[in-house]
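Asker: Coordinates for the following, if possible.
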Amino acid sequence: MNQIDAVERKKDEYMAESLEKALAKIPAKLPPPGMYGRIRSGIDAEIQLRSLRRKAFGFASGFVVLTAVVAVFWSVLAQELAQSAFFDYLKVLWMDRDVVAANWSSIGSSLLESLPVVNLMVWLLFSFFGIGLVWILVQTWSKTHPHNGSNHLAIYT
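Answerer: Here you go, the predicted structure:
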């Protein structure tokens, strides 16, 4: 058994030496200049494209939800405004300006009390949501389309 192990060791040593000699004869090749930069810029562009896709999907889904909710609440707000006495009260105040001038503080507060506050607050909330979506769209556009004259994509992750 020892003789077989010794032969195997000798064989392994001989193969390792011949492999080292063969590899020593092959000249080492360096990668072409700029290869790392090209690989890195490709990876960065892929990362940015994924980020842009996520943001575009978020914007599109937010816009769809916002549009659906605005369509529903527009009819609710129009109905609430039609049922409230706000426009009738405003018309009376417009025709009798002397009363408005004499009692402006109580008239202003009573005019505000006739508004449907809950629906107006919902509209204000959705307005901020819509402005936020547009802001995200503008930020994403400005990050992917730099204004410094370069033709490459800016990397923002």
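
Asker: Distance from the lengthiest helix in the chain to the middle of the chain?
Answerer: Longest helix in the chain by number of residues, with DSSP state H as the criterion: helix 35-83. Distance, stretch centre to chain centre, for helix 35-83: 6 Å (C-alpha atoms, centre = their mean, to the nearest Å).

Asker: Quick one: list the elements packing against it.
Answerer: Where contact means 3 or more C-beta pairs under 8 Å, 6 or more residues apart in numbering; DSSP states H and E, helix 35-83 is packed against helix 117-144. Just so you know, the C-beta spots here come from the backbone N, C-alpha and C atoms, and that holds for glycine as well.

Asker: pLDDT on the helix it packs on, on average?
Answerer: Average pLDDT, helix 117-144: 81.

Asker: Run through the neighbouring helices and strands of that helix.
Answerer: helix 35-83.

Asker: Between helix 117-144 and the helix it packs on, find me the angle.
Answerer: Counting by axes from the mean of the first three to the mean of the last three C-alpha atoms, to 10 degrees, helix 35-83 lies at 160 degrees to helix 117-144.

Asker: quick one: buried residues of the helix or strand just after helix 35-83?
Answerer: The C-terminal neighbour of helix 35-83 among helices and strands, as given by DSSP states H and E, is helix 86-95. Judged by neighbour count using 16 or more other C-beta atoms under 10 Å, the buried positions of helix 86-95 are 86, 89, 93.

Asker: got the end-to-end distance for stretch 90-104?
Answerer: End-to-end distance for stretch 90-104: 13 Å, by C-alpha to C-alpha, to the nearest Å.

Asker: Give me the distance between the closest residue in space to residue 81 that isn't next to it in sequence and residue 47.
Answerer: Nearest non-adjacent residue to residue 81, counting by C-beta to C-beta, 6 or more residues apart in numbering: residue 116, 6.4 Å away. Distance from residue 116 to residue 47, counting by C-beta to C-beta, to the nearest Å: 48 Å.

Asker: Tell me which of the two has more neighbours.
Answerer: Between residue 116 and residue 47, counted using other C-beta atoms under 10 Å, the more crowded position is residue 116 (17 against 13).
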